[in-house]
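> Attaching a predicted model along with its sequence, questions to come.
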Amino acid sequence: MPRLASGEIIAAFALTEPDSGSDARSIKTRAERTGQGWVLNGQKRFISNASFAGLFTVFAQVREASEKPSISGFLVEAGTKGMSFGSPERKMGQHGAPISDVIFEDCYVTDDALLGGKPGIGLDAAMKGLDRGRLFIAACCVGLAYRLIENATDYANGRVQFGVPIARHQLIQALLADSLTEAYAARGMVENAARKAGRGEPISCEASMCKLFATEMVGRVADRAVQVHGGNGYIADYMVEQLYRDVRVLRIYEGTNQIQQVIIAKSLVARRLNGELLSS
């Protein structure tokens with residue numbers, strides 16, 4: 001933990017597989033007990049930082065004697081025999097964060113690599129991790145939105161058309177005003193959910209709402225920023241072109257926004273069945 005906290009090593013979260021994205025329960029990677037450890041076999045897909053991570057949290061199906069298969073987590077260090085990597089994927093954006101497959105072929109880890117010390121708690125750990133991850137992504141979206149708005153406003157103040165800076169034209173002002181309003185709303189959502197998380201309260205629904213709203217928001221803000229730049233917004237020399245591509249994936253990873261809608265709706269229905277007030 002100290003090495004992770006200091007940044008000496010980078011961790012990677014290995015859950016997604018070629019045939020298992022949103023349906024995490026259907027992962028096919030297997031862990032079989034052998035002697036004083038476990039043997040992992042399977043393939044993970046789209047693993048961020050895989051090429052330089054020092055530690056991997058790997059989720060696999062475990063079948064103990066006479067028990068149903070359950071998902072467990074394993075901490076696997078880079079360089080462990082039997083672990084290899086696919087070629088880095090060519091992506092639309094976020095070129096500074098490489099992703100690749102991670103392959104396990106009779107990869108042996110000792111018994112103390114089992115997350116939590118016992119089988120079967122991996123899925124719960126993964127979901128709790130995703131709650132924090134979704135809130136983190138939402139916070140990133142807020143920061144990206146403000147950066148895009150500042151950049152677009154600076155451009156509008158310097159770009160002159162019809163004898164005045166375009167920032168003085170009301171339709172340009174509307175693009176900027178809508179963007180700042182949405183960013184402010186997302187910021188409030190994130191800060192409120194973060195306070196609940198800090199108090200140790202459950203935030204599964206709140207994290208999903210933040211992720212859903214903030215990622216959709218920053219996509220709209222990026223689109224408006226490109227529009228403010230006009231033709232220059234489509235040129236790779238301008239920052240908005242890169243950020244427009246970078247923000248698109250935020251609606252996909254850590255659970256697609258459609259999955260977030262399902263989580264939110266299930267929570268809503270359950271709360272009302274229990275007679276809870278939504279405003280509480």
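Cool, the structure landed.
> the strands in the stretch 1-150 of the chain, which residues?
Secondary structure of the stretch 1-150 of the chain (DSSP state E, counting those that start in this stretch): strands located at 11-14, 30-34, 37-48, 55-62, 70-77, 83-85, 99-110.
> starting at the chain centroid, how far to the first one?
Relative to its chain's centre, strand 11-14 lies at 12 Å (Cα atoms, centre = their mean, to the nearest Å).
> Quick check: mean pLDDT of it?
In this model, strand 11-14 carries a mean pLDDT of 94.
> ok, and for it, which residues are buried?
Judged by neighbour count using 16 or more other Cβ atoms under 10 Å, the buried positions of strand 11-14 are 12-14. In short, each C-beta sits where N, CA and C put it, glycine included.
> cool, and the fourth one?
Within strand 55-62, the residues that qualify as buried by neighbour count (16+ other Cβ under 10 Å) are 56-62.
> Between those residues, which sits nearest Gly79?
Relative to Gly79, the closest of the buried residues of strand 55-62 is Phe56; by Cβ to Cβ it sits at 10.7 Å.
> show me the contacts for the closest one.
Contacts were defined as Cβ atoms under 8 Å, 6 or more residues apart in numbering; by that measure Phe56 touches 11-14, 47, 50, 75-78, 83, 102.
> Next one: it, what pLDDT does it get?
At Phe56, the pLDDT value in this model is 97.
> quick one: it from Thr110, how far?
Separation of Phe56 from Thr110 (Cβ to Cβ, to the nearest Å) stands at 15 Å.
> and if you look at Phe59?
Taken as Cβ to Cβ, the spacing of Phe59 relative to Thr110 amounts to 18 Å.
> Same list (the strands of the stretch 1-150 of the chain) but as TSV, adding distance to Leu171.
Shown next, in TSV, are these (distance: least, Cβ to Cβ, whole Å):
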stretch	distance to Leu171
strand 11-14	43
strand 30-34	58
strand 37-48	39
strand 55-62	48
strand 70-77	52
strand 83-85	49
strand 99-110	39
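> most centrally placed residue in this structure?
Closest to where the C-alpha atoms of the chain average out (Cα atoms, centre = their mean) is Glu254, at 3.7 Å.
> Is it correct that it is in contact with Arg134?
Yes: contact status for Glu254 versus Arg134: in contact at 5.1 Å, counting by Cβ atoms under 8 Å.
> so where is the stretch 151-280 of the chain shaky, pLDDT-wise?
Along the stretch 151-280 of the chain, no part satisfies pLDDT under 70.
> Show me the strands in it, by range?
Using DSSP E, counting those that start in this stretch, the strands of the stretch 151-280 of the chain run over 160-161, 164-165.
> and Ile235, which of those is closest to it?
Going by Cβ to Cβ, the one of those nearest Ile235 is strand 160-161, 17.5 Å.
> pLDDT averaged over stretch 126-133 - what is it?
On average, the pLDDT along stretch 126-133 is 86.
> Give the buried residues for that stretch.
In terms of neighbour count (16+ other Cβ under 10 Å), stretch 126-133 has its buried residues at 126, 130-131, 133.
> who's in contact with Pro202?
Pro202 makes contact with Lys196, according to Cβ under 8 Å, 6+ apart.
> ok so, going back, out of the strands of the stretch 151-280 of the chain, the one nearest Ala145 is which?
Ala145 sits nearest to strand 164-165 of all the strands of the stretch 151-280 of the chain, at 22.2 Å, using Cβ to Cβ.
> which other helices and strands contact that closest one?
Contacting strand 164-165 under the criterion 3 or more Cβ pairs under 8 Å, 6 or more residues apart in numbering; DSSP states H and E are the following elements: helix 122-158.
> and which of the buried residues of strand 11-14 is nearest Glu206?
Distances from Glu206 to the buried residues of strand 11-14, taken by Cβ to Cβ, are shortest for Phe13, at 20.7 Å.
> ok, the residue lying closest to the closest one once chain neighbours are set aside - contacts?
What sits nearest to Phe13 in space, not counting adjacent residues and going by Cβ to Cβ, 6 or more residues apart in numbering, is Thr57, at 5.5 Å. Thr57 makes contacts with 11-14, 73-76, 115, 129, as judged by Cβ under 8 Å, 6+ apart.
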